[in-house]
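Peer 1: pasting the sequence and the predicted model now:
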Amino acid sequence: MAENSEKKENSLAEKAAGEILSLITIEKAFRPGDRLPGEIELAARLGVSRTTLREGIRLLSSRHVLEVRRGLGTFVARRGDHERPLDHRELLRTPVDLRSVYELRLMVEPQTAYYAARRATDSELERILFYGEREEKEIEEGRDRTESERAFHKSIAMAAHNEFVERLLPVIYEAIDSGVRLSDEYEGVVRDTRADHRMLMNALAARDALSARAAMELHILHAMRGFGLQAD
C-alpha cells in the first residue's frame, strides 16, 4: 500500500511539473527571470496540494528549469547566452529551401519522438494528445491548423527533455509553417497528416518508442513525397 501511495504522489508531482513547464514553454505565462506566484495561489491554479506543488517544483529545479531562492521565492531560471534558443534568422543566414528544412526534420524529429515516448510525463502525453486531437478537428472543419501543428510538434519535442532539440524548434517551425501553407494545395498531404498523426499519437500513448520513431519518420516522408521532395 505504501508503494502504491508513493507512486501516486510521484505521478501527481510529475503532472504538476508538466503543468508548470507548459505555463513557461507553451503558454508563455512566465519568462526567464520571472518569479512564480506564491504556493497557495499556484497550487490553486494547478488544482494540486501544496505538498504536490513543492515536489513538482523540486523536479523542475533538478532539471534547471526553476531556481528556488531562499526567502525570495521560486523563479524561472535564466539561461546563459550559450544556452539561449537558436534564432532561425541567425541559423538560416542564407536562403534555405523547403527540402533542406524537411531533411533536417527527418534527421531530428523521429528520434525526438522516440525519446518522448520514453521520457514524457503523463501530463506531457495528455498535452500531445490534446493538440493532436484539436488539429484533427480543425482538419475536419477546414480551419487553419498552423498553431495546433506547431503545438503538437513542440509538445513532442519538450517531452523528449533535450535542450538542444528545444533550441532547434524555431528552425522546425520554418518547415511546419511552410508545409501547412502548401498542404492547402495538396489534399493527399492533409489526408496523410491526419492518419500519420493518429498513428504517432497511438504510439506515444502506448509509450512504444520504436513505433513512435517509425510513425514520425513516415509522417515526414509522406509530406516530402506530397510536396515532390523525394528523399535520396
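Peer 2: Looks like it arrived, so ask away.

Peer 1: now for this protein, the helix or strand with the poorest mean pLDDT.
Peer 2: helix 88-91 (a mean of 46; mean pLDDT, DSSP states H and E).

Peer 1: other SSEs contacting the helix or strand that comes right after it?
Peer 2: Scanning forward in sequence from helix 88-91, with DSSP states H and E defining helices and strands, the next element found is helix 98-119. With contacts defined as 3 or more C-beta pairs under 8 Å, 6 or more residues apart in numbering; DSSP states H and E, the packing partners of helix 98-119 are helix 146-159, helix 163-183, helix 187-205, helix 209-226. (Each C-beta comes from the backbone N, C-alpha and C, glycine too.)

Peer 1: 10 Å instead, please
Peer 2: helix 122-141, helix 146-159, helix 163-183, helix 187-205, helix 209-226 (3 or more C-beta pairs under 10 Å, 6 or more residues apart in numbering; DSSP states H and E).

Peer 1: quick one: distance of the first one to the chain centre.
Peer 2: Relative to the chain's own centre, helix 122-141 is displaced by 12 Å; criterion: C-alpha atoms, centre = their mean, to the nearest Å.

Peer 1: what's the answer for the second one, then?
Peer 2: In terms of C-alpha atoms, centre = their mean, the gap separating the centre of helix 146-159 from the centre of its chain is 5 Å.

Peer 1: ok, stretch 13-23 next?
Peer 2: Between the centre of stretch 13-23 and the centre of its host chain there is 13 Å, according to C-alpha atoms, centre = their mean.

Peer 1: could you do stretch 38-52 as well?
Peer 2: 24 Å.

Peer 1: cool, stretch 141-158 as well?
Peer 2: In terms of C-alpha atoms, centre = their mean, the centre of stretch 141-158 is found 10 Å from the chain centre.

Peer 1: just the CA atoms of it, as PDB, please.
Peer 2: Extracted C-alpha coordinates of stretch 141-158, given in PDB (Å, rounded to 0.1, in the frame of the first residue of the first chain):
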ATOM      1  CA  GLU A 141     -13.800  21.500 -40.300                       C
ATOM      2  CA  GLY A 142     -11.400  23.000 -42.900                       C
ATOM      3  CA  ARG A 143      -9.900  25.500 -40.400                       C
ATOM      4  CA  ASP A 144      -6.400  26.800 -40.100                       C
ATOM      5  CA  ARG A 145      -4.300  24.300 -38.200                       C
ATOM      6  CA  THR A 146      -0.900  26.000 -38.100                       C
ATOM      7  CA  GLU A 147      -0.900  26.700 -34.400                       C
ATOM      8  CA  SER A 148      -2.100  23.200 -33.500                       C
ATOM      9  CA  GLU A 149       0.500  21.700 -35.800                       C
ATOM     10  CA  ARG A 150       3.200  23.800 -34.100                       C
ATOM     11  CA  ALA A 151       2.000  23.000 -30.600                       C
ATOM     12  CA  PHE A 152       1.700  19.300 -31.400                       C
ATOM     13  CA  HIS A 153       5.300  19.000 -32.600                       C
ATOM     14  CA  LYS A 154       6.600  21.400 -29.800                       C
ATOM     15  CA  SER A 155       4.900  19.300 -27.200                       C
ATOM     16  CA  ILE A 156       6.700  16.200 -28.500                       C
ATOM     17  CA  ALA A 157      10.000  18.000 -28.600                       C
ATOM     18  CA  MET A 158       9.500  19.200 -25.000                       C
END
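
Peer 1: buried ones in that stretch?
Peer 2: By neighbour count, with 16 or more other C-beta atoms under 10 Å as the criterion, the buried positions of stretch 141-158 are 145, 148-158.
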